[in-house]
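Visitor: Quick one, structure for this:
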Amino acid sequence: KSVVEGDRQDKLLVGLDLIPSTYDLMDVEGTPADYHKRFYNGIAPCFDKYDFIIFDCPPNLYSTAQAAVFASTELYVPCNPDELSREGLSLLERKLSEFRKRSEPDQRKMIDYKFPVIKGVIFNSVPSNVKNDSRRDITEKVNFLKKNSGSFDATSKVFTITVHHTVNVPQSVTHHLPVIMEPGKGASLAGIKKEYAALAKYIATGEKQ
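Guide: Predicted structure coming up:
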């Protein structure tokens, strides 16, 4: 466990704990089929210690991502405004449905367990000149999947709050800081900070800034 610290090891974001990923997680592939259940049982004691636990998953449903999905209560999908992402929603829905059915024996043994569903789709890395056609097409796909798939919640939607493309995000990774703490000035940096803050508030409370 680690936290965001300053040069004097002072906590810069009090209350935030981070567990970084590692390339060693690739070795998880080929582990026993009940890896997701073992992960759930291992992390369950932490559920009551945090207001939110966020799993940042790669764009696949390999063993590590399956474990994160199984331990989650709701899912949010970042989506680029393009055709490949629109098609990717269908693939994600199919893989989630397959995993839900495959894990049903484990689910039945767990008290009050409910397999998570997709609550929202978030446009990410949106160019400033993106056409509205992309939003319309992906919204139509989400509405279709809501009616025909158990992997989407009845209230699922494409968020109106979007995160635009900016060089500030990769810069913050280089500086080992959250983008909201990235130093500097400029409309682009101020804008991306505002978008992330609005998105976090909307997911946590349902309120828009």
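
Visitor: Need the distance between the two termini of stretch 17-26.
Guide: Taking CA to CA, to the nearest Å, stretch 17-26 runs 23 Å from one end to the other.

Visitor: what's the spacing between the helix or strand where residue 105 lies and its chain's center?
Guide: Element membership for residue 105, per DSSP states H and E: helix 104-108. Distance, stretch centre to chain centre, for helix 104-108: 24 Å (CA atoms, centre = their mean, to the nearest Å).

Visitor: How about stretch 59-78?
Guide: Taking CA atoms, centre = their mean, one finds stretch 59-78 lying 8 Å from the centre of the chain it belongs to.

Visitor: what do you get for stretch 170-187?
Guide: 20 Å.

Visitor: Could you do stretch 140-159 as well?
Guide: So, by CA atoms, centre = their mean, the centroid of stretch 140-159 is 17 Å from its chain's centroid.

Visitor: First-to-last residue distance for it?
Guide: 13 Å.

Visitor: Give me the contact list for that stretch.
Guide: Around stretch 140-159, the neighbours that count as contacts under CB atoms under 8 Å, 6 or more residues apart in numbering are 74, 79, 86, 89-90, 92-93, 96-97, 100, 117-123, 135, 138-139, 199, 202. For glycine as for every other residue, the C-beta is placed from the backbone atoms N, C-alpha and C.

Visitor: re the thing from before, restrict the helix holding residue 105 to CA atoms and write it as PDB.
Guide: Provided in PDB are the C-alpha atoms of helix 104-108 (Å, rounded to 0.1, in the frame of the first residue of the first chain):
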ATOM      1  CA  GLU A 104     -23.000 -18.500 -10.900                       C
ATOM      2  CA  PRO A 105     -22.000 -21.500  -8.700                       C
ATOM      3  CA  ASP A 106     -19.700 -19.300  -6.700                       C
ATOM      4  CA  GLN A 107     -22.300 -16.500  -6.500                       C
ATOM      5  CA  ARG A 108     -24.900 -18.900  -5.100                       C
END
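
Visitor: Which residues does that helix contact?
Guide: With CB under 8 Å, 6+ apart, helix 104-108 has contacts from 34, 36, 37, 113, 115.

Visitor: Tell me if I'm right that the second one and residue 67 touch.
Guide: What it means is residue 36. Yes. Counting by CB atoms under 8 Å, residue 36 touches residue 67, with 4.5 Å between them.
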